[in-house]
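> For reference, the sequence and a predicted model appear below.
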Amino acid sequence: MIDSVTSSMAGAALGIRQGQTQADFGIKALNQTARQEQQTVTTLLQGAGGGNTTETRGQNLNIVV
């Protein structure tokens, strides 16, 4: 009986640890995405109104990369 309780507790602890690891990974991925999006916005704003920008309001753009 004691062995099964110990085994169950160990299994639960491993499951909790795995869940925490997955949550940490997800948070890191979300933070990285947020940083990339912020960098994109910053880059776009820096280019707005200067350099070789062209007014495109009201036009349809088909950009192929």
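Arrived safely.
> Next, find the distance separating Val5 from Ala12.
Using CB to CB, to the nearest Å, we find Val5 at a distance of 11 Å from Ala12. For glycine as for every other residue, the C-beta is placed from the backbone atoms N, C-alpha and C.
> meant to ask about Phe25, not that
20 Å.
> again with Thr6
11 Å.
> before we move on, what about Thr33?
Distance from Thr33 to Ala12, by CB to CB: 32 Å.
> and if you look at Gln22?
Counting by CB to CB - Gln22 and Ala12 are separated by 16 Å.
> Is Asp24 within a helix or a strand, and which one?
In this structure, Asp24 is located in helix 2-47 according to DSSP states H and E.
> What mean pLDDT does that helix get?
For helix 2-47, mean pLDDT is 88.
> Give me the neighbour count for Gly19.
10 (other CB atoms under 10 Å).
> what's the answer for Ala10, then?
Residues near Ala10, counting by other CB under 10 Å: 10.
> Let me see the contact set for it.
Ala10 makes no contacts at all, as judged by CB atoms under 8 Å, 6 or more residues apart in numbering.
> just the one 4 residues further on next, same as before
In this structure, Leu14 makes contact with no residue, judged by CB under 8 Å, 6+ apart.
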